[in-house]
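Enquirer: sharing a model that was predicted from the sequence below.
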Amino acid sequence: MKRSAIAPSQLPKADKLRIAFAFYGAVLLEGVMLASIGPTIDALADNSASTTEQIAILFTANSLGYIVGSLLAARLYARLPGNRVLAGALVWMALLTATIPWLGSLWLMIGVFALIGLSVGLLDVGGNTLLVWLFRRDVPPYMNALHLSFGIGAFLCPLVVDRFAVGGGDATRAFWLFAALMIPVALWLTRVPSPDSPPETAEPTAGTAIVRRYAYFLALMGLLFFMHVGGELAFGGWIFNYADELGFGSQTTAFLINSMFWGGLVVGRVIAIPLSLRWSARMMLQVDLLAAVGFIGLIWLLPDSAAALWIGTVGFGMAIASVFASCINFTQERMPVSSHVTAIFFIGASLGSMSLPWLIGQFFDRRGPEVMIWVVGGAILAGLVLFAWIQVHVGRRMGIVARVD
């Protein structure tokens, strides 16, 4: 049989990795864009003559677009070759991203960031779904590597923005570099085969049947995504302003603290790859959520300590790092994962990343920077309680247990 006739999921490991690395490149750029609002928010506010409360709407606009993209992705990936959809989303995002430094109106920024969010939704649902389809039951370490790629992009973003801010005075010019990097990755995606969907999700109508069967479990998992992703992106989006407002050093120090959060995320995801081969997804989630609550608690207990801020920031990034991938692995062990299932998770994640950063923005100036810690800590603690409920009650009630096929 010719290599071209072999389904991608049946290819040797080395050939699968060549396909997977294209996904990793796309998700790395997704991480850059999702982390970009926080370190550029002051420059975007200056360019549009907006206040902190007003410019915070960009988080909401970006997440609303993400929800639309996630809903659209559920249908597109069930009907079209996935890599073509990913490539198209990257090209679309590159064109939009290139316009950001020229935008002088808040309303134009809202529209552009909403459309960028749509592209990010297509990338996120597609990258995660296609990776599951490619590696099937062997996906856990590769899924953690995918989210490591996101973390690397998010880690690099504040550092790049800082160099543009220092060198040219306008941090938003970094978006031109980000846009330029998207085009070669899009071309790369067109040159590798799209993963084939598993038999249980192959029919376009299969996804909706799976959702109906596991509706209660999926609703609770979607809420868990709301909590932990909303907390993660609220922290990543506002930690720069938190450190800057409380006077923990120069603005460059605040950029470094922002970057160190994403750096902790990168380290956590590197560690998660070998751990996922030894620990179950359930164990990974328990440890991660408990540690995340602990590190946020450290910052809350010692608000005037620079050491507590640095340790808490890096530690929270490491703790929250593998929660996303572990949630998908936890689900994949218990039920079939279609693009519809993935879309539900990403919609929940987007609702969290839309509402929690926006909520912080409404009270940041009036109530003080500490509101960020209260919102993020409350969300992660609620996620820990929710996951305990899922473990104790939902599996028993729904008859959902880890699959062994």
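Expert: That came through, no problem. The structure displayed is predicted, hence computed values, not measured ones.
Enquirer: report the mean per-residue pLDDT for stretch 121-134.
Expert: Stretch 121-134 shows a mean pLDDT of 88.
Enquirer: before we move on, what about stretch 230-246?
Expert: 87.
Enquirer: go on, stretch 279-296?
Expert: The model assigns stretch 279-296 a mean pLDDT of 93.
Enquirer: what of stretch 109-118?
Expert: Rounded mean pLDDT across stretch 109-118 is 95.
Enquirer: give the buried residues for that stretch.
Expert: 109-110, 112-118 (16 or more other C-beta atoms under 10 Å). C-beta coordinates here come from the backbone N, C-alpha and C atoms, glycine included.
Enquirer: sketch out the low-pLDDT regions of this structure for me.
Expert: Along the chain, segments meeting pLDDT under 70 span 1-5, 199-207, 249, 394-405.
Enquirer: try it again with 50
Expert: Applying pLDDT under 50 to the chain flags residues 1-3, 402-405.
Enquirer: and the helix or strand hosting residue 340, what does it pack onto?
Expert: Element membership of residue 340, judged by DSSP states H and E, is helix 339-367. Secondary-structure packing of helix 339-367 (3 or more C-beta pairs under 8 Å, 6 or more residues apart in numbering; DSSP states H and E): helix 52-55, helix 57-79, helix 106-135, helix 206-213, helix 215-245, helix 323-332, helix 371-389.
Enquirer: nearest to residue 271, of those?
Expert: Comparing the helices and strands packed on helix 339-367 by their distance to residue 271 (C-beta to C-beta), the top pick is helix 323-332, with 12.2 Å.
Enquirer: phi, psi of residue 338?
Expert: phi -110, psi 170 (degrees, to the nearest 10).
Enquirer: on that earlier part again, just send the helices and strands packed on helix 339-367 back as JSON lines, with distance to residue 286 too.
Expert: As requested, the helices and strands packed on helix 339-367 are arranged in JSON lines below (distance: least, C-beta to C-beta, whole Å):
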{"stretch": "helix 52-55", "distance to residue 286": "37"}
{"stretch": "helix 57-79", "distance to residue 286": "27"}
{"stretch": "helix 106-135", "distance to residue 286": "22"}
{"stretch": "helix 206-213", "distance to residue 286": "26"}
{"stretch": "helix 215-245", "distance to residue 286": "13"}
{"stretch": "helix 323-332", "distance to residue 286": "10"}
{"stretch": "helix 371-389", "distance to residue 286": "7"}
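Enquirer: so which of these gets nearest residue 142?
Expert: Among the helices and strands packed on helix 339-367, helix 106-135 comes nearest to residue 142, with 5.1 Å by C-beta to C-beta.
Enquirer: quick check: buried residues in the helix or strand just after the closest one?
Expert: Counting by DSSP H and E, the next helix or strand C-terminal to helix 106-135 is helix 140-168. Neighbour counts over helix 140-168 (16+ other C-beta under 10 Å) mark 140-162, 164-165 as buried.
Enquirer: which other helices and strands contact helix 140-168?
Expert: In terms of contacts (3+ C-beta pairs under 8 Å, 6+ apart), helix 140-168 is packed against helix 13-34, helix 37-48, helix 106-135, helix 174-189, helix 251-278, helix 323-332.
Enquirer: dump these to CSV, plus distance to residue 65.
Expert: Output for the helices and strands packed on helix 140-168, formatted as CSV (distance: least, C-beta to C-beta, whole Å):
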stretch, distance to residue 65
helix 13-34, 11
helix 37-48, 12
helix 106-135, 3
helix 174-189, 16
helix 251-278, 22
helix 323-332, 19
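Enquirer: of all those helices, which one is nearest residue 219?
Expert: Among these, helix 323-332 comes nearest to residue 219, with 12.3 Å by C-beta to C-beta.
Enquirer: residue contacts, residue 157?
Expert: Applying C-beta atoms under 8 Å, 6 or more residues apart in numbering, we find residue 157 in contact with 31-32, 35-36, 39, 174, 259, 262.
Enquirer: give me the buried entries from these.
Expert: 31-32, 35-36, 39, 174, 259, 262.
Enquirer: redo those residues as CSV? Include distance to residue 62.
Expert: As requested, the buried ones among the contacts of residue 157 are exported to CSV (distance: C-beta to C-beta, whole Å):
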residue, distance to residue 62
31, 14
32, 13
35, 11
36, 9
39, 14
174, 16
259, 20
262, 17
